[in-house]
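In: coords please:
(2 chains)
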Amino acid sequence: MKQQPGVCTFCGTGCGHFMKVTGTAVERVFPSQNHPVSRGRLCVRGWNIHELLNTAQTINRPLIKKNGQFAEATYDEAIALLVDTLKALPTAAIGFLASPRSTNEEQFLLMKLARAVFKTNNISLASDAGHRGCLNVLSAGTGMAGMTGSLEEICKAEFLLVAGSDITKQNPIVGSEIHQAAQTGAKIVTIDSRRTQIAKLSNSFLQITPGALKLAVAGIAKCVVQDGLVDSDFVRTSTRGFEEFSSSLTQLPAQEITAKTGISSEEFKQVAHALARAKTAMAFFSSGISGLDEDTISYIFNLFAMTGNIGKEGCGVNPITGINNLQGGYDMGCAPDLLSGFQSLSDQAAVKKFNAAWGVELNITPGISVSELLAESAGQLKALVVIDHDEGLVRDVAALQKVDFVVYISTYKNKYMDYAHLVLPVARYIAEDGTFTNTDRRVQLSAKKLEPQNNVLPGWKLYARIADKAGSKWSYAGPADVMDEIARLTPTYAKLSHKKLAATFGGVQWPCDEKNPDGTRRLDIKAAGSSISFAKVTGTFTVPAAGKDFPYLLMIGKAQDFWHQNNLMRKTFIPMREYNATLLDYPGGYVEIAPDTAKALQVRNQWQVKVVSPYGEMLLAVKISDEVKPHAAYVPYFARDIIAKALTGHPEILKQGEDATIPIRIEKV
Amino acid sequence: MYLIKKTDILQIAKALSTEYQVYGPVIEPGSGQTFFEKVDDVSEINLSAPIPAAPPKHIVFPQADRILSYRYAGGNAPVEMKPDFKETPKALFGLRSCDLTGLQCLDRFFLGQEFVDEVYRSLRKKMFIVTNTCVTPFKYCFCVCTDSGPAAEEGYDLNLTDIGDNFLIEAGSAKGKALCEKLQLATAANKDLAEKNRLVDKSITLFESFSTESKAWVSRVMNRITTGFAKEEVWEYVGDQCFECGACSFVCPSCSCFNVVDTATGDCSCDRLRTWDSCSYEGYSRMAGGHNPRKPVEDRRNKRFFCKLSYSQSKKYLRPGCVGCGRCNWVCPGDIGMPNVVKYIRRETTSRDQL
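Out: Next up is the predicted model:
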């Protein structure tokens, strides 16, 4: 029997699959029927992961740039160059950009390398905004810095809210669970500006004005209070801070909510009553680079807290990670101010524990995230170590070119290499043991299935050799040893080990500790005897308004044809064809407008138009679709290059990512 | 007709393994999932394993298969081309009748038409087929609705039926008969055949209670699809639920669509790969120049069901394209496996409830 169980590593769902491996190649994949999350399903990406794993577009040798050209080097030469360069710099001038694709063991060692060896806290994940916001809200509100519900319990929810997420495209199997819950009687409500697939599958779709998501959630919450639908028993016994939140809602005038969101009070009422009727409810929103802002998440959290839908079976506030190990990245402390397990650098006891374990004196001043360092005009950043990265390159190119020494560490070739001075290969994830933590805190072991090609090192070994060269002796025999160290230093991972994970099918959800040795499916406030704190909200809602000069509201989002810059998709055949189909039709990007808008502008499909905003302008082809409302327009994220160029000089807009809503006018060319 | 003691059944597989690569149902221990795989030792085979998660299609039609490699150094250099497929004798031991029917559909597509597919033929040649009667159905089965089970009727070399202490063995070919003679198997009596028939009849009655996930009135819906009486709104209802993952085609024993890609392997060399494809994908029907006759997802979805259920398509397979294995229901992230779609069409399901 040569079918080996494994974990799909595209998105944060963490689906189970089987791989048939022959020699150095993956012959085929097949979904795992009894896997607790995916139960026999995979999406277009997952079904074709062997195409990526078999690609010839891998980095096979260390490369050092000399006179603008890469020359092959040995690991010894490359590591010496890296260590010598970094050691010669002040620690504040060094940055580490961790990857949400790396295993937990790799993330943890990179974090250790940055803090303990190179003495810098400038380490971050690319998606610092989105997922961190979720974790901040959930950690402050419940004490659990991760999804409070469980994917396995979606089938037990009676009400499912999907807030601003194209979930059937981004995390298809989570979308599938939501849909299948609805097929057996649960109610789905989707709030979005665009009519996505999940909107079509919903029992109620609130098609809001772009940029009005937060206000729409507040609108539902206001209805809950006004109509006396608050779960007062739950609020009294299990929560703190309700009064403050509810009084902030009463100040919101109902007419204004309707005017700014484009949703009638009757619709809000229906949703509020359906939510209150349901015994169990879950909320879903995307997290990561395109996630919601902290304030919007706070409103969602509070709405579910006041209706008694947190910390119980079939309930939960559930951020859905876009990339497979984004949650693991935060769990491993890849953030300027965090150690593993969301322990803060300002927590003296935690720091003491790490100091003792590592034999170092950690710097406790939080570092600066790489995206902030790159955005700084002063040019403090002199050396940047980037791991397996495919986001935001366009935005950062100019800043990146100013950095003296860029190191790129990855399995696959990508455009980031063009800006690197040193490139180091690491092995495919299936060539070494490693764990990944999916969006519902499920830690899964992906066992080694084949030998690395071209004698490329696995990530943990590369980091150990770098540490060794820099004078720190690390003595791990393998990734299992690293996990043991993670368990010793991380309360939420305390009772995890490769041995335990290998003996379970489908992984273990953290917290996995003395009290919960088999893991924790979801937050259980009754069992924990804990309570929930309502999140602080700002109470301010700036909804961009269209005006006379700029009558349309432009939103930026993801689509089936875009998946994380498509760098991985481009190395496959079937997913590349699928993801590039729209790109082929619209090579220069498109702006999606409603049929009525097209009529008013007198344009047809694929005609060029000029999109003019207060910040800049861009030329795009027209795509007519009834998925957007009149007065709204949509540009897919894959046209980010074009968007970034149009918005150069306005980083404050770019930084908002998918939350950016820009008033525009459209001119026929 | 022959008899063999239940405990001795793998002797047949053992005998086959001297001449053939033996494939059979194997249970993966960690997950309990059944695969139909090549075995190193026949003792891995488990004839009482549930229906395999994947059909044996990959044996004759791999998910990704190098069919050719070529090298062209440019200029006047000759193109060196090397077809890459070979014949290996294979024995499929313990095939379910739905999967045998699927194989027959593939045969008619790849071999039974004007153009004969050489790659498929080389993989399909020299095959010894041993089927295994389903004396109990499984949760997703509906072969009784598609006339493809629970017992195989033709196309096998040997057919096995578990009749208690013994397996009844029916030879369906001269080479099947020769093997039984060579192994000096005992001859079965008429009562053994009667027992098999009783068990098959019983199996059919068990569908009502066992196969709770699937009931499909296939003949009725074939009629509706062929005569154009399937409502447009039903196709939209179905299309909205399509996640465009391709799984239904990949697990279908009779789906035969493929994609061909050339991939550079360095040094002026290229591999030509044939990979599974699916009509649920937008790129599948997209033409050069960007025109797509089946762009909306519901158009792509009804393509699948026309292919499986319309009369004109069925003429090509000499039967419905669906073999009733139920795997598409199992793997679908939407809720549009074959039995469900049959139900939607029959009941004209078009909309979902409001709040």
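In: C-alpha from now on. contacts and neighbour counts both.
Out: OK.
In: enumerate the residues of the stretch 51-200 of chain A near chain B.
Out: A:56, A:168-169, A:172-173, A:176-177, A:179-180, A:183, A:187, A:197, A:200 (C-alpha under 8 Å from any C-alpha of the partner chain).
In: can you give me phi and psi for residue B:245?
Out: phi -90, psi -20 (degrees, to the nearest 10).
In: which residue comes closest to it once chain neighbours are left out?
Out: residue A:44 (4.1 Å; C-alpha to C-alpha, 6 or more residues apart in numbering or on different chains).
In: any low-confidence regions in the stretch 501-650 of chain A?
Out: Per-residue confidence for the stretch 501-650 of chain A (pLDDT under 70) gives these ranges: A:557-566, A:581, A:583, A:637-650.
In: what about residue A:252, distance to residue A:607?
Out: Going from residue A:252 to residue A:607 by C-alpha to C-alpha, to the nearest Å gives 42 Å.
In: between these two, who's got more neighbours?
Out: residue A:252 (17 against 14; other C-alpha atoms under 10 Å in any protein chain shown).
In: wait, a strand at the more buried one?
Out: No. Residue A:252 sits outside any strand when classified using DSSP: H, G, I helix; E, B strand; the rest coil, being coil.
In: gap between it and chain B?
Out: Counting by C-alpha to the nearest C-alpha, to the nearest Å, the gap from residue A:252 to chain B is 25 Å.
In: likewise for residue A:410?
Out: 20 Å.
In: so what's that residue closest to, chain neighbours aside?
Out: Looking at residue A:410 with C-alpha to C-alpha, 6+ apart, the closest residue is residue A:388, at 4.5 Å.
In: wait, that neighbour touches residue A:407, no?
Out: No. Using C-alpha atoms under 8 Å, residue A:388 is not in contact with residue A:407; the gap is 10.6 Å.
In: parallel or antiparallel, which strands does the helix or strand where residue B:3 lies pair with?
Out: Following DSSP states H and E, one finds residue B:3 within strand B:2-5. With DSSP bridges as the test, strand B:2-5 is paired with strand B:166-171 (antiparallel), strand B:186-187 (antiparallel).
In: around chain A, pick out the residues from the stretch 151-300 of chain B.
Out: So the stretch 151-300 of chain B meets chain A at B:240-241, B:243-247, B:261, B:264-265, B:277, B:281-283, B:290 (C-alpha under 8 Å from any C-alpha).
In: straight-line length of stretch B:212-230, end to end?
Out: One end of stretch B:212-230 to the other measures 25 Å (C-alpha to C-alpha).
In: buried ones in it?
Out: B:213-218, B:221-222, B:224-225, B:230 (16 or more other C-alpha atoms under 10 Å in any protein chain shown).
In: which among those gets closest to chain A?
Out: Proximity of the buried residues of stretch B:212-230 to chain A was ranked by C-alpha to the nearest C-alpha; the top entry is residue B:213 with 13.1 Å.
In: ok, and the closest non-adjacent residue to the closest one?
Out: Residue B:213 sits nearest to residue B:140 (C-alpha to C-alpha, 6+ apart), 5.3 Å away.
In: wait, the one you found sits on residue B:329?
Out: Yes. Using C-alpha under 8 Å, residue B:140 is in contact with residue B:329, at 7.3 Å.
In: which stretches of the stretch 101-250 of chain A have low pLDDT?
Out: A:127-129.
In: can you map out the helices along it?
Out: A:104-112, A:128-142, A:167-170, A:172-183, A:197-200, A:213-226, A:232-238, A:242-250 (DSSP state H, counting those that start in this stretch).
In: which of those is buried the deepest?
Out: helix A:104-112 (a mean of 27; mean count of other C-alpha atoms under 10 Å in any protein chain shown).
In: packing partners for it?
Out: helix A:326-331, strand A:434-437, helix A:459-469, helix A:479-489 (3 or more C-alpha pairs under 8 Å, 6 or more residues apart in numbering or on different chains; DSSP states H and E).
In: that older thread, filter the residues of the stretch 151-300 of chain B next to chain A down to the buried ones.
Out: The neighbour count (16+ other C-alpha under 10 Å) marks B:240-241, B:243-247, B:264, B:277, B:281-283 as buried among those.
In: grab the nearest non-local neighbour of the residue of chain A positioned farthest from its centre.
Out: Using C-alpha atoms, centre = their mean, the residue of chain A lying farthest from its centre is residue A:602. It sits 39.2 Å away. Once flanking residues are discounted, residue A:602 sits nearest to residue A:668: 7.8 Å by C-alpha to C-alpha, 6+ apart.
In: which residue does chain B bring closest to chain A?
Out: For chain B, C-alpha to the nearest C-alpha, closest residue to chain A: residue B:245, 4.1 Å.
In: so how far is residue A:576 from that residue?
Out: For residue B:245, the distance to residue A:576 - C-alpha to C-alpha - is 13 Å.
In: which pLDDT value goes with the closest residue to chain B within chain A?
Out: As assessed by C-alpha to the nearest C-alpha, chain B sits closest to residue A:44 within chain A, at 4.1 Å. Per-residue pLDDT puts residue A:44 at 93.
In: likewise for the one 3 residues further on?
Out: In the prediction, the pLDDT value recorded for residue A:47 is 96.
In: contacting residues around it?
Out: A:29-31, B:245-247 (C-alpha atoms under 8 Å, 6 or more residues apart in numbering or on different chains).
In: now, the residues of the stretch 151-300 of chain B next to chain A that are in helices?
Out: B:240, B:247, B:282-283 (DSSP state H).
In: name the nearest residue to residue A:114, sequence neighbours excluded.
Out: In space, residue A:114 is closest to residue A:120, 5.5 Å off (C-alpha to C-alpha, 6+ apart).
In: still on that earlier bit, can you tell me which of the helices and strands packed on helix A:104-112 is most buried?
Out: Ranked by average neighbour count under the criterion mean count of other C-alpha under 10 Å, the helices and strands packed on helix A:104-112 are headed by helix A:326-331 at a mean of 30.
In: outside of that one, which residues touch it?
Out: Residues contacting helix A:326-331 (C-alpha under 8 Å, 6+ apart): A:12, A:98-104, A:107, A:125, A:131-132, A:146, A:288, A:321, A:340-342, A:436-439, A:441.
In: kindly report the same for stretch A:332-343.
Out: Contacts of stretch A:332-343 (C-alpha under 8 Å, 6+ apart): A:98, A:104, A:107-108, A:111, A:121-125, A:128, A:145, A:330-331, A:344-346, A:350, A:365-369, A:486, A:489-493.
In: can you give me the strands for chain B?
Out: B:2-5, B:21-27, B:34-38, B:64-71, B:80-83, B:90-95, B:127-132, B:158-162, B:166-171, B:186-187, B:258-266, B:269-276 (DSSP state E).
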